[in-house]
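*Asks:* Would you be able to build a 3D model of this:
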Amino acid sequence: MSLFRTEQLELGSIPARDPSPPSPWTSGSVLLTGATGLLGSALLESMLASTEARVVCVVRGSNDADAEGRLRTEIARRRLAVDWARVEVVRGDLAAAELGLAEVTFSRLSQRVDLILHAGAEVAWWGELDRVAATNLDSLRTMAAIAGRGRSKRVAFISSCAVFNADAYANAESVAEEPLAADPSGLRSPYVQSKWAGERLCSAISACGIPTSILRVPYLLPHSRHPIPNLAGAVDLLIDAAIRLEVAPEVGPTLPLCPADHCAERIVQILRAPLGPASIHHVAPFESLPWSILLAAAHQEGLLCRSMPSEAWFERAREASRERRELRPIVTLLSRDPSRTLWSRSNICRVRFDDAATRAAIPDLPPKSALEADCLRRFVRSIATTVARGEPAERQARPAE
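*Replies:* Down below sits the predicted model:
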């Protein structure tokens, strides 16, 4: 699939939209996708805790009851606090036309929700864009179709700071809250390609008169208070493998990191502010974190007290993966980077994420700070607990719906 063809949008005739739709936060409803995922579940918790909105969650299942059961199980597993009296679960499939819903249900959603928060996506670090296009891009077109019916409503799209790994930003010192460069060359993973294409699609949605917000999130760590490893994520996989091998690579990333609950709280804070018809935001509460700080947190937990050159570490991991399947995901990821450090050529390890426009719109946002050491220690400890239980790393690609 050509990335340049993904921004095509066929919505038909759309009535004139109010560029400033009413707030959903007091007596309205939010349509949330991805509620069973790391960020989506944290968004559900944050919206219910800080607003009076009702939340309609689209979740896969054989019927509405089965979908609600899946969501309740996931929320309980993550130990989140949810006011179920304000939650409605609708069975739906992001990859299906009109979410696989009956017309009457699809129409009802269109008429009753006041904001669409599209956090559902399939994560895939290798392969072709076709692998995730239905879940990650066709679903955005469906959200636009819902927004195009009934009263005016905003489409808020969860993107990723990794879109700046495109070659166009190779020499950038900082990146602003602006539309992306037109050339996506250099984006290697289908997931990140889909985020770039999704942002372009949001521009087309906005041009149709539908208010949009793009929220570029950093690399997500688990919930800060009760972390469960996100072993579909690259940093988690690297630490998991290092603990299993009892030695860490010396060189690692400096990445914009944020626990999912802090990220969700910032997103809700942004969406509660008065926004323009097409807003773009960097969700960046914390300073980027060097790999050495993560290693220090592991040392404090009595873990990863030894390190070795990255190339040698990769060879050790590759050799061990022949008999230990749980090491294969990180070996596959590292094998695609000639430096064997995975992030050495990533622009996001170097650039500064300028969030001046968001701060101008929301003056009371706190300044960026460093992630607390206790949070990092809980994160590393959660991975070590998973390893100690003998649990395998989760499969590398999975949808969050």
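*Asks:* And the strands in the stretch 301-401 of the chain?
*Replies:* 307-308, 352-353, 398-400 (DSSP state E, counting those that start in this stretch).
*Asks:* wait, I meant the stretch 101-250 of the chain
*Replies:* With DSSP E, counting those that start in this stretch as the criterion, the stretch 101-250 of the chain has strands spanning 115-118, 121-123, 154-160, 174-175, 212-217, 219-221, 248-249.
*Asks:* Based on its surroundings, how many neighbours for the closest residue to residue 321 other than its chain neighbours?
*Replies:* Excluding the flanking residues, the one nearest residue 321 by C-beta to C-beta, 6 or more residues apart in numbering is residue 327, at 3.9 Å. Yep, even glycine has a C-beta here, placed from its N, CA and C like the rest. Around residue 327 there are 23 other residues, counting by other C-beta atoms under 10 Å.
*Asks:* quick one: residue 327 from residue 313, how far?
*Replies:* 11 Å (C-beta to C-beta, to the nearest Å).
*Asks:* go on, residue 300?
*Replies:* The value you get for residue 300 to residue 313, if C-beta to C-beta is used, is 21 Å.
*Asks:* now residue 32, what's its secondary structure?
*Replies:* strand (DSSP: H, G, I helix; E, B strand; the rest coil).
*Asks:* And the pLDDT at it?
*Replies:* Residue 32 is assigned 98 on the pLDDT scale.
*Asks:* Could you do residue 28 as well?
*Replies:* Looking at residue 28, the pLDDT reads 94.
*Asks:* do the same with residue 113
*Replies:* 94.
*Asks:* The nearest residue to it once chain neighbours are set aside: how many residues sit nearby?
*Replies:* Nearest non-adjacent residue to residue 113, counting by C-beta to C-beta, 6+ apart: residue 31, 4.2 Å away. For residue 31, the neighbour count with other C-beta under 10 Å is 25.
*Asks:* What residues does residue 31 make contact with?
*Replies:* When contacts are counted by C-beta atoms under 8 Å, 6 or more residues apart in numbering, residue 31 touches 56, 58, 109, 113, 115-117, 143, 146.
*Asks:* cool, residue 215 as well?
*Replies:* With contact taken as C-beta under 8 Å, 6+ apart, residue 215 is in contact with 156-159, 267, 270, 281, 283.
*Asks:* Which strand residues bridge it?
*Replies:* Beta-bridge pairing of residue 215 under DSSP bridges involves residue 158, residue 281.
*Asks:* Residue 106 and residue 146 touch, don't they?
*Replies:* Yes. The pair residue 106 / residue 146 is scored as a contact, 7.4 Å apart, by C-beta atoms under 8 Å.
*Asks:* Can you find which helix in this protein contains the most residues?
*Replies:* In the chain, with assignment by DSSP state H, the single longest helix is helix 190-207.
*Asks:* If we go by neighbour counts, what in it is buried?
*Replies:* 190-206 (16 or more other C-beta atoms under 10 Å).
*Asks:* Now stretch 235-244 - C-alpha only, CSV.
*Replies:* The C-alpha trace of stretch 235-244 is given here as CSV (Å, rounded to 0.1, in the frame of the first residue of the first chain):
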residue,chain,number,x,y,z
VAL,A,235,11.9,-0.7,25.6
ASP,A,236,10.1,-3.3,27.6
LEU,A,237,11.3,-6.1,25.4
LEU,A,238,14.9,-4.9,25.6
ILE,A,239,14.8,-4.7,29.4
ASP,A,240,13.0,-8.1,29.6
ALA,A,241,15.7,-9.7,27.4
ALA,A,242,18.5,-8.1,29.4
ILE,A,243,17.1,-9.4,32.7
ARG,A,244,16.7,-12.9,31.2
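*Asks:* Contacts for it next, please.
*Replies:* Against stretch 235-244 from outside (C-beta under 8 Å, 6+ apart): 219, 221-222, 229-231, 248-249, 252-253, 255, 257, 294, 298, 303-304, 313, 317, 324, 326-327, 329-331, 333, 342, 380, 383-384, 386-387, 393, 396.
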